[in-house]
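Undergrad: For reference, the sequence and a predicted model appear below.
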Number of protein chains: 2
Amino acid sequence: MPAPLRIGLAGLGTVGIGVVKIVQSHADLIAARAGRPVEITAVSARDPQKNRDADLSTYHWEADPVALARRNDIDVFVEVMGGHEGPARLATEAAIATGKDIVTANKALLAHHGHALALAAEAAGRVIRFEAAVAGGIPVIKTLTEGLAGNQMRRVMGVMNGTCNYILTRMQAAGLPYETVFEEARQLGYLEADPNLDVGGIDAGHKLSLLAAIAFGTRVSFDNVELEGIGNVSIDDINLADDMGYHIKLLGVAQMTGRGLEQRMTPCLVPAESPLGQLQGGTNMVVLEGDSVGQIVMRGAGAGAGPTASAVMADVIDIARGTRLSTFGRPAASLAEPVAAKSATPAPYYLRMTLLDKPGALAKIATALGEAGISIDQMRQLNQPNEADNKATVLIVTHKASPADVAYALAQFDTTGVLIGAPAAIRIEEV
Amino acid sequence: MPAPLRIGLAGLGTVGIGVVKIVQSHADLIAARAGRPVEITAVSARDPQKNRDADLSTYHWEADPVALARRNDIDVFVEVMGGHEGPARLATEAAIATGKDIVTANKALLAHHGHALALAAEAAGRVIRFEAAVAGGIPVIKTLTEGLAGNQMRRVMGVMNGTCNYILTRMQAAGLPYETVFEEARQLGYLEADPNLDVGGIDAGHKLSLLAAIAFGTRVSFDNVELEGIGNVSIDDINLADDMGYHIKLLGVAQMTGRGLEQRMTPCLVPAESPLGQLQGGTNMVVLEGDSVGQIVMRGAGAGAGPTASAVMADVIDIARGTRLSTFGRPAASLAEPVAAKSATPAPYYLRMTLLDKPGALAKIATALGEAGISIDQMRQLNQPNEADNKATVLIVTHKASPADVAYALAQFDTTGVLIGAPAAIRIEEV
């Protein structure tokens, strides 16, 4: 049997220990599938004394991940530390410079520096694989890069932050406001140290930008993702949407249009009966649309030790088998700088607003919509629990309208003098 | 740029022309992704005169696919003719013998001769790829072989014959009996020339046997698939199952147990709200369960020119990129002869029977179940439209029982003298 593939593993948190456990428990299975043994040679983590529920005694220890990356007794540098600057970046660069292949779960690093890293890796004849960086255990990077390689991709969508989906489905199931469920999620340890990475849509936006680069042959362009988190999604909107047959999801959409590449990660209404609409809790789903294949839907665990380590090991085994691919599915030098387009693809919109309950108020809103060129599909004035407070909640579903026209209409609403507070406007994505 | 990869395409039916169209329309895209051009050099089909809605004028023509396979100006033999003996088998063998890689959509060929072909290909240093053979456009072979390679697989399930799923969902939606919808499907051209390949579960059984070989590292063992088609699924059962929150699907299940490999392709009840239960029409779904990744669900078009050609091209592009994998994910010589186990994994069962409406009838049935060691979860006597006919329909849902115990109970029912006709017994698969 050929020589073992030797791993240097940087990061011994949940995912890192998950990798250790697979390598140790499935050594024979992996050797049979890979055609050669896969071994861990050396590891790196901040605290070597910490009890990690795994036998690490046969591995070399490095305090510094950069020193680990430079060791000459490893073939693959596996980075599961996280963070898009500092040690993760320096160690990955050092690994490439010293001739290692890279397997990483680090979406932030690739969203910010993926193009430069891909150029460096390809110049050095090395590969960067990142299945674990997007949608946890779902092999979506492989599916898009390889399984659908004969397709001109049309659209890529996904619910790719399990914490956000947990919060939204828990709000709906328990009828609780955002703030309460956010606090629950924090106490359950579901949130990143900086919660805005989750609820601000940043983590999911990182993932979307990686999928878009592969799907459309463009350089990763995270800065052009239109980001809107879930902090403004109210339990009222969740309930009203549900009444109309929709669920609210933090949905990423990337599509190439005549104007350029649209990437958005925003709360959307999707039909409750659709696969995306039915997604509960921390599960992830990715929808890939190609011109030949039509729509492929993939669903699975988006996080956790086992699923994420499964994705890391798929990349490691590919490398052990001798599979060599460009980082984003074609040579990095051939990736085009994307023309970033502000979202202009029309969609129906859900609008909820509170109006002064006086004659002509609704007419002013309808007029503002008409002036913006937006026609109304459904409109409902909701019964008020207390009519004495002299206000009325109005729900409107528009026919397809461009985001710019909706923004214009919302600005016009402000001038009517009949609006109380800010209206909610949520895109209804056709899935 | 490196030399083109040259295809010899055997079969110019729907799928073959689908391949031609992708190669012609996406030449630049494929070259960018594959790192080299992909070209069709020569083709083979029965009737060269037939109008095929594609420009084939620049390709060499061979009347005989074996002659095509032997040409020295092709690198990859793409077989989309079908049939597990005759020209498809001979041409594939000839292609391997003359040093070509193989891409095939032919599930029957691989289910019957996959092991011998894999041995021959590996001895010759060639690869056999067959993404298009299972679940159409869904990249399930790649996902299982590569994307989940770090997992000990636990169970593989799938709805993999679109025609059967069309028939079952159409029966339910329209309230029509099997025979009527079967005839509709025939007239719509959904059925194979030998309809038993579809409705008898054979085509789907072929696919399941290929997935099982990859998942469990065993030789393809189609003969050991327990096959039951959909011909006995009645509209009554569909409606009664629906009332209880289940849909009936032709579901394939492969799992490795302590007794050996269980493979079955049979009608099953699955929860209506589950992803499998919600699958409508000709769409396919595959569920892959691994020890680290948990459950991965993939959904997409299971047939048709575009989806199937998409899968063929993924394999072609992999070969163009230089990816070399063993046919079933590990060297064929290392695949174990499976210990075939008759299904023994317990499950709840749905039982429907017609009884003589006389005192003690139901007690005899309940006693027979008890003697078989089967306990009852739910039992309902259905109201009869006409009580004068002196019979009653009884519906029983059992707790988990082994298939052997259920078979024993059914045999005991026969001896009670209270049964009219044969009972229906359908497994309720936990998905």
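TA: Perfect, I can see it now. Numbering: from 1, shown residues only, chains lettered A, B, ... in the order given.
Undergrad: and A:Ala32, that one's in a helix?
TA: Yes. In this structure, A:Ala32 lies within a helix as judged by DSSP: H, G, I helix; E, B strand; the rest coil.
Undergrad: Skipping its backbone neighbours, what lies nearest it in space?
TA: Nearest non-adjacent residue to A:Ala32, counting by C-beta to C-beta, 6 or more residues apart in numbering or on different chains: B:Arg330, 4.8 Å away. (C-beta placed from N, C-alpha, C; glycine too.)
Undergrad: Would you map the helices across the stretch 101-250 of chain A?
TA: A:107-123, A:140-142, A:162-174, A:178-187, A:196-199, A:202-216, A:235-243 (DSSP state H, counting those that start in this stretch).
Undergrad: got CSV for those helices, with distance to A:Gly35, mean pLDDT and mean neighbour count too?
TA: What follows is those, written out as CSV (distance: least, C-beta to C-beta, whole Å; pLDDT from 0 to 100; neighbours: other C-beta atoms under 10 Å in any protein chain shown):
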stretch, distance to A:Gly35, mean pLDDT, mean neighbour count
helix A:107-123, 23, 98, 21
helix A:140-142, 18, 98, 28
helix A:162-174, 34, 97, 22
helix A:178-187, 43, 96, 15
helix A:196-199, 39, 96, 20
helix A:202-216, 27, 98, 27
helix A:235-243, 50, 96, 18
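Undergrad: out of those, nearest to A:Ala320?
TA: Relative to A:Ala320, the nearest member of these by C-beta to C-beta is helix A:140-142, separated by 15.1 Å.
Undergrad: gap between that closest one and the chain center?
TA: 13 Å (C-alpha atoms, centre = their mean, to the nearest Å).
Undergrad: Establish whether that helix and chain B are in contact.
TA: Yes. With C-beta under 8 Å from any C-beta of the partner chain as the criterion, chain B is reached by helix A:140-142 at A:Lys142.
Undergrad: Outside of that helix itself, which residues are in contact with it?
TA: Contact partners of helix A:140-142, identified using C-beta atoms under 8 Å, 6 or more residues apart in numbering or on different chains, comprise A:129-131, A:133-134, A:158, A:210-211, A:214, A:286, A:288, A:298, A:314, B:139, B:142-143, B:146-147.
Undergrad: Make a PyMOL selection of the buried ones in these.
TA: In PyMOL, this line selects whichever of the contacts of helix A:140-142 come out buried by 16 or more other C-beta atoms under 10 Å in any protein chain shown:
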select buried, (chain A and resi 129+130+131+133+134+158+210+211+214+286+288+298+314) or (chain B and resi 139+142+143+146+147)
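Undergrad: how far away is A:Leu355 from A:Ile420?
TA: 7 Å (C-beta to C-beta, to the nearest Å).
Undergrad: Can you check which residues contact both of those two?
TA: A:Lys391.
Undergrad: of the two, who's got more company?
TA: Ranked by neighbour count (other C-beta atoms under 10 Å in any protein chain shown), A:Leu355 and A:Ile420 place A:Leu355 first, with 20 against 16.
Undergrad: partners of that one in the sheet?
TA: Here A:Leu355 sits in beta bridges with A:Ala392, A:Leu419, going by DSSP bridges.
Undergrad: Now do A:Gln384, the pLDDT please.
TA: In this model, A:Gln384 is scored at 65, pLDDT.
Undergrad: Likewise for A:Ser343?
TA: With respect to pLDDT, A:Ser343 has a value of 89.
Undergrad: For it, give its distance to A:Glu429.
TA: Look at A:Ser343 and A:Glu429: by C-beta to C-beta, they are 11 Å apart.
Undergrad: These two: which has the busier surroundings?
TA: A:Glu429 (22 against 19).
Undergrad: Phi and psi next, for the more buried one.
TA: Per-residue torsions, A:Glu429: phi -80, psi 130 (degrees, to the nearest 10).
Undergrad: how close does it get to A:Met157?
TA: 7 Å.
Undergrad: joint contacts of those two?
TA: Taking C-beta under 8 Å, 6+ apart as the contact rule, A:Glu429 and A:Met157 both touch A:Leu251, A:Val253.
Undergrad: residues from the stretch 201-350 of chain A in reach of chain B?
TA: Selection of the stretch 201-350 of chain A residues close to chain B by C-beta under 8 Å from any C-beta yields A:217, A:273, A:275, A:278, A:290-301, A:304, A:306-307, A:309-314, A:316-318, A:321-326, A:329-331, A:334.
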